[in-house]
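Participant: Provided below are the primary sequence and the corresponding predicted coordinates.
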Amino acid sequence: MNSPSISQSTQVAIVGGGPSGLLLGQLLARDGIDNVVLERRSREYVLGRIRAGVLEQGTVDLLRGAGVGERMDTEGMVHEGVGLASENRGFRIDFRALIDASVMVYGQTEVTRDLYQARDVIGGETHHEVENLRILDVDGTRPSLEFELDGKTRSLQCDFVAGCDGFHGVSRGTIPTDVLREYERVYPFGWLGVLSQTPPVDDELIYAGHERGFALCSMRRSDLSRYYIQVPLEDRVEQWSDDAFWNELRRRIPAEAAERLVTGPSIEKSIAPLRSYVAEPMHWGRLFLCGDAAHIVPPTGAKGLNLAASDVYYLWQALRRHYHDGDASGLETYSDTALARVWKAERFSWSMTRLLHRFPEQTAFDLRMMRAEMDYLMSSVAAQSALAENYVGLPY
Ligand code: APR
Ligand code: PHB
């Protein structure tokens with residue numbers, strides 16, 4: 001490896017230019033804390049990712065506080081409830097009546113676009129197509145990143161490293177293997193997702209459990225719908241024609257929704273695996289993990305982006321106290337604080353996945369338990385309130 005030809009320094013080096021890295025960078029910059037974002041991909045590539053967009057109130061408040069909530073407030077859709085269905089019996093969880101709360105439906109791609117535009121405005125330093133990034137000396141007092149950019153080897157010295165580089169990033173691997181503890185469940189099915197330029201089937205989302213498998217009716221805008229069906233892990237997207245997808249979706253959602261369904265050509269179609277995963281600790285020396293770098297949830301609870309937001313909130317507050325008050329306590333407790341909320345969201349996402357999906361090894365008794373749980377949900381205000389408070393987001 002050539003010795004770095006260009007060296008610079010910053011206070012916080014942020015690895016990853018997705019939602020976690022950009023939101024942290026925005027919050028730190030607004031507090032006068034210098035930071036540099038290093039992203040492996042181009043901005044266009046990052047903005048080409050199709051991702052869920054159900055924002056908890058905490059995420060909405062954080063984006064507004066970061067000065068990036070304007071377009072969300074204009075184009076986002078406030079949802080005061082969500083539909084659940086099982087074997088054609090549909091019912092609504094009324095967030096407003098149960099717990100006086102709501103969520104914001106606004107695509108993650110748009111959140112990321114807003115964050116990039118905000119970073120342009122404040123002149124935040126961002127490098128794209130960074131290669132071969134190495135994180136060095138995080139167990140010392142002066143960590144650094146080495147990487148290649150435009151064919152030159154560069155070194156970035158910093159006070160702290162924020163590992164916001166997602167599940168396949170390099171940050172988590174910097175934690176020694178005898179320190180890192182990993183917890184994982186890989187689900188025996190995937191989600192086949194379709195994006196279509198069609199009006200959504202309903203004003204709110206519908207999560208449907210069915211003997212043929214799970215289905216979800218979601219949306220991006222009033223003219224752009226997002227649908228999913230559970231498929232076997234071995235399925236390939238090429239096996240699914242648009243017609244086959246629409247026909248299977250119709251079978252799994254309540255009849256009155258199936259009758260309203262407006263179909264159209266898929267403008268995006270893909271299969272994603274489902275996983276629950278948590279890495280502990282989320283802090284090692286001067287390295288702090290945020291978002292998918294530390295945890296993954298099955299999308300059934302729409303928690304991925306929202307957990308990234310609460311991690312970022314905790315780390316931002318800790319760094320702010322360190323730099324402004326000389327108080328390192330937030331940094332010392334960051335991992336425990338973030339993980340306390342992560343595990344509760346992991347539980348909720350796992351429970352929603354277990355409630356609504358068909359698992360290969362399920363017995364007749366298991367299916368009866370699922371039906372009883374859905375019956376209890378339908379008939380109990382307490383049960384619906386519990387689901388509502390988890391779905392709209394537990395407090396930070
Ligand atoms: N060097 C620099 N950047 C990297 C590296 C690396 N070695 N490895 C990965 N990255 C970049 C990726 O290209 C990506 O843009 O880090 C970014 C991580 O972004 P995400 O994977 O979106 O993770 P995060 O920012 O934590 O956002 C979590 O994204 O995956 C969804 O469901 C998830 O909604 C959740 C959200
Ligand atoms: C989506 O709109 O892509 C979406 C919404 C809610 C989920 C998962 C995905 O739980």
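Facilitator: Looks like it arrived, so ask away. Ligands and ions are numbered 1, 2, ... in the order given.
Participant: check what pLDDT the residue of the stretch 201-350 of the chain found nearest ligand 1 gets.
Facilitator: Relative to ligand 1, the nearest point of the stretch 201-350 of the chain is residue 291 (2.2 Å; CB to the nearest ligand atom). For glycine as for every other residue, the C-beta is placed from the backbone atoms N, C-alpha and C. pLDDT, residue 291: 98.
Participant: mind listing what's buried in the helix or strand hosting residue 365?
Facilitator: Assigned by DSSP states H and E, residue 365 belongs to helix 364-379. Buried residues in helix 364-379, counted by 16 or more other CB atoms under 10 Å: 370, 373-374, 377.
Participant: next secondary structure element downstream of that helix?
Facilitator: Following helix 364-379 in sequence, per DSSP H and E, is helix 381-392.
Participant: which helices and strands sit right next to that following helix?
Facilitator: If you count contacts as 3 or more CB pairs under 8 Å, 6 or more residues apart in numbering; DSSP states H and E, helix 381-392 packs onto strand 89-94, helix 95-99, helix 329-356, helix 364-379.
Participant: go again using 6 Å as the cut-off
Facilitator: When contacts are defined as 3 or more CB pairs under 6 Å, 6 or more residues apart in numbering; DSSP states H and E, helix 381-392 packs onto strand 89-94, helix 95-99.
Participant: how far away is the residue of the stretch 201-350 of the chain closest to ligand 1 from residue 15?
Facilitator: 11 Å (CB to CB, to the nearest Å).
Participant: these two touch, right, residue 315 and residue 291?
Facilitator: No - Residue 315 is not in contact with residue 291 according to CB atoms under 6 Å; the separation is 10.1 Å.
Participant: and the two? Which one has more around it.
Facilitator: Per other CB atoms under 10 Å, whichever of residue 315 and residue 291 has more neighbours is residue 291, with 31 against 28.
Participant: so what sits opposite residue 195 in the bridge?
Facilitator: Residue 195 forms beta bridges with residue 226, residue 268, as assigned by DSSP bridges.
Participant: ok, how many other residues are close to it?
Facilitator: Neighbours around residue 195, by other CB under 10 Å: 19.
Participant: and residue 87, by the same measure?
Facilitator: For residue 87, the neighbour count with other CB under 10 Å is 13.
Participant: what's the closest non-adjacent residue to it?
Facilitator: Excluding the flanking residues, the one nearest residue 87 by CB to CB, 6 or more residues apart in numbering is residue 210, at 6.2 Å.
Participant: contact partners for the residue positioned nearest the centre of the chain?
Facilitator: With distances taken as CA atoms, centre = their mean, residue 304 lies nearest the centre of the chain, 2.2 Å away. By CB atoms under 6 Å, 6 or more residues apart in numbering, the residues touching residue 304 are residue 297.
Participant: what's the answer for residue 284, then?
Facilitator: residue 175.
Participant: that older thread, now the buried residues of helix 364-379 in TSV, with distance to ligand 2 and pLDDT?
Facilitator: Converted to TSV, the buried residues of helix 364-379 look like this (distance: CB to the nearest ligand atom, whole Å; pLDDT from 0 to 100):
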residue	distance to ligand 2	pLDDT
370	18	93
373	18	95
374	17	95
377	16	96
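Participant: out of the residues you listed, which is nearest to residue 264?
Facilitator: Of all the buried residues of helix 364-379, residue 264 sits closest to residue 374, with 30.8 Å by CB to CB.
Participant: related to what we said a few turns ago, quick one: closest of the helices and strands packed on helix 381-392 to residue 39.
Facilitator: Proximity to residue 39 (CB to CB) singles out helix 95-99 among the helices and strands packed on helix 381-392, at 35.1 Å.
Participant: which residues of the protein lie near ligand 2?
Facilitator: 52-54, 205, 216, 218, 226, 299-300, 302 (CB under 6 Å from any ligand atom).
Participant: mind picking the two most distant members of the residues you listed?
Facilitator: Applying CB to CB across the residues of the chain next to ligand 2, the maximum distance is between 53 and 300, 15.0 Å.
Participant: domains in this structure, by residue range?
Facilitator: For the chain, automatic domain parsing gives the domain ranges 6-79+103-183+275-352, 187-274+360-392.
Participant: what's the most buried one of these?
Facilitator: domain 6-79+103-183+275-352 (a mean of 20; mean count of other CB atoms under 10 Å).
Participant: show me the contacts for residue 135.
Facilitator: Taking CB under 6 Å, 6+ apart, we find residue 135 in contact with 145, 161, 174.
Participant: how about those residues in CSV, adding pLDDT and secondary structure?
Facilitator: Formatted as CSV, these follow (pLDDT from 0 to 100; DSSP: H, G, I helix; E, B strand; the rest coil):
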residue, pLDDT, secondary structure
145, 97, strand
161, 98, strand
174, 97, helix
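Participant: closest to residue 115 out of those?
Facilitator: residue 161 (19.5 Å).
Participant: so residue 254 sits against residue 88, correct?
Facilitator: Yes - counting by CB under 6 Å, residue 254 touches residue 88, with 5.3 Å between them.
Participant: where along the stretch 51-200 of the chain do the strands fall?
Facilitator: 54-55, 77-79, 81-86, 89-94, 103-105, 125-127, 131-136, 144-149, 152-157, 160-163, 181-196 (DSSP state E, counting those that start in this stretch).
Participant: how much space between the residue of the stretch 201-350 of the chain closest to ligand 1 and residue 193?
Facilitator: 21 Å.
Participant: how about residue 350?
Facilitator: Separation of residue 350 from residue 193 (CB to CB): 20 Å.
Participant: wait, doesn't residue 335 sit right on residue 279?
Facilitator: No - counting by CB under 6 Å, residue 335 stays clear of residue 279, with 10.1 Å between them.
Participant: using CSV, write out every CA atom in stretch 272-288.
Facilitator: Only the C-alpha atoms of stretch 272-288 are listed here, as CSV (Å, rounded to 0.1, in the frame of the first residue of the first chain):
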residue,chain,number,x,y,z
ALA,A,272,-35.3,-9.2,-0.7
PRO,A,273,-34.3,-11.7,2.0
LEU,A,274,-35.5,-11.1,5.6
ARG,A,275,-33.2,-11.1,8.6
SER,A,276,-33.1,-10.1,12.3
TYR,A,277,-29.6,-9.2,13.3
VAL,A,278,-27.9,-7.3,16.2
ALA,A,279,-24.2,-6.7,16.8
GLU,A,280,-23.1,-5.8,20.3
PRO,A,281,-21.5,-3.6,21.4
MET,A,282,-22.2,-0.6,19.1
HIS,A,283,-19.1,1.2,20.4
TRP,A,284,-15.4,0.2,20.4
GLY,A,285,-12.8,2.8,21.4
ARG,A,286,-13.4,5.8,19.2
LEU,A,287,-15.7,3.9,16.8
PHE,A,288,-19.5,4.2,17.1
